[in-house]
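Engineer: Quick one: sequence plus predicted model below, questions after.
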Amino acid sequence: MTKPEIGVYIEIYYFPSINDNIPARFATVGLSNFIRKTGKPIETEWMLALKPDLGQENIDRIFTYFCDLIAHNIENIKSSGVPRVMTESTLAPENWTTKALLIDELRGESEDLEEIKIGEEVISVLWVVPITPKEAYIILQEGIDAFDAYIENHPHSIIDPTRPDK
């Protein structure tokens, strides 16, 4: 994803699943270098984990969605504080029931992935989690702990973007 006119150069990498037990992942490189309109650097990279079938969407559609999310973050969000919820959006892939989004610390991933050291600099990695409108409501009204309890009792995986909005 590049916007040379404003100095944005962000790479997005796709790490396909090698079997049904390992998620597919998309990760940014370069997002942390971008300076917000507030003058503060973003200082984070993003990672999106999905079930191996990508929620019945193709890779190009997910890349487009991820780029839209990044552009929105750069243009409109004032800090990298977490947890952060973006409510339901028409930009979300059509086959997904998870039309809202949570940006938070890594969940369900190795703690080794939470930070990347580049020389003396330490960059946080945030998890971009597609969530349902009901899940967004739970976070906004009851907090992240209530969401964690809800997900723990949900029969579908948090990385399944087609999970029902029960």
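Structural biologist: That came through fine. Numbers count the residues shown, from 1 in each chain.
Engineer: any residues touching the strand ranked longest in the chain, and which ones?
Structural biologist: The residue-count maximum for a strand in the chain (DSSP state E) belongs to strand 121-131. Contacts with strand 121-131, where a contact means CB atoms under 8 Å, 6 or more residues apart in numbering, come from 27, 32, 43-50, 55, 66, 69, 80, 82, 85, 92, 96, 98-107, 109, 113-117, 139, 147, 158-159, 161. Bear in mind the C-beta positions are built from the backbone N, C-alpha and C, glycine included.
Engineer: The following helix or strand past it - contacts with which helices or strands?
Structural biologist: Using DSSP states H and E, the next helix or strand after strand 121-131 towards the C-terminus is helix 133-142. Other helices and strands packing on helix 133-142, by 3 or more CB pairs under 8 Å, 6 or more residues apart in numbering; DSSP states H and E, are strand 84-86, strand 100-105, helix 144-152.
Engineer: And the helix ranked longest in the chain, what does it pack against?
Structural biologist: With secondary structure taken from DSSP state H, the chain has its longest helix at helix 59-76. Identification of packing neighbours for helix 59-76 by 3+ CB pairs under 8 Å, 6+ apart yields strand 11-15, strand 24-29, strand 44-50.
Engineer: any idea how far the first one is from the chain center?
Structural biologist: When distances are taken as CA atoms, centre = their mean, to the nearest Å, strand 11-15 is centred 13 Å away from the chain's centroid.
Engineer: need the helix or strand of this protein with the lowest average pLDDT.
Structural biologist: Ranked by mean pLDDT, DSSP states H and E, the weakest helix or strand in the chain is strand 2-3, scoring a mean of 56.
Engineer: Just grab the bridge partners of the residue nearest the centre of the chain for me.
Structural biologist: Computing the C-alpha centroid of the chain and ranking residues by CA atoms, centre = their mean puts residue 128 first, at 1.4 Å. On the basis of DSSP bridges, residue 128 is bridged to residue 103.
Engineer: Next one: it from residue 50, what distance?
Structural biologist: To residue 50, residue 128 is 10 Å away according to CB to CB, to the nearest Å.
Engineer: do residue 65 as well
Structural biologist: 11 Å.
Engineer: Now for those two: what residues contact both?
Structural biologist: With CB under 8 Å, 6+ apart as the test, residue 65 and residue 50 reach no residue in common.
Engineer: can you dump the C-alpha coordinates of stretch 100-119 into PDB?
Structural biologist: C-alpha atoms of stretch 100-119 as PDB (Å, rounded to 0.1, in the frame of the first residue of the first chain):
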ATOM      1  CA  ALA A 100     -17.200  -4.400  12.900                       C
ATOM      2  CA  LEU A 101     -13.600  -4.400  14.100                       C
ATOM      3  CA  LEU A 102     -11.500  -4.600  17.300                       C
ATOM      4  CA  ILE A 103      -7.900  -3.500  17.400                       C
ATOM      5  CA  ASP A 104      -6.300  -4.700  20.500                       C
ATOM      6  CA  GLU A 105      -3.300  -6.500  22.000                       C
ATOM      7  CA  LEU A 106      -2.500  -9.900  20.500                       C
ATOM      8  CA  ARG A 107      -5.000 -12.500  21.600                       C
ATOM      9  CA  GLY A 108      -4.400 -16.200  21.200                       C
ATOM     10  CA  GLU A 109      -0.900 -15.700  19.700                       C
ATOM     11  CA  SER A 110       2.500 -16.300  21.200                       C
ATOM     12  CA  GLU A 111       3.700 -13.600  23.500                       C
ATOM     13  CA  ASP A 112       6.900 -13.500  21.400                       C
ATOM     14  CA  LEU A 113       4.800 -11.800  18.600                       C
ATOM     15  CA  GLU A 114       3.700  -8.900  20.800                       C
ATOM     16  CA  GLU A 115       6.700  -6.800  20.100                       C
ATOM     17  CA  ILE A 116       9.300  -6.600  17.300                       C
ATOM     18  CA  LYS A 117      12.800  -5.300  18.100                       C
ATOM     19  CA  ILE A 118      14.400  -3.300  15.400                       C
ATOM     20  CA  GLY A 119      17.800  -2.200  16.700                       C
END
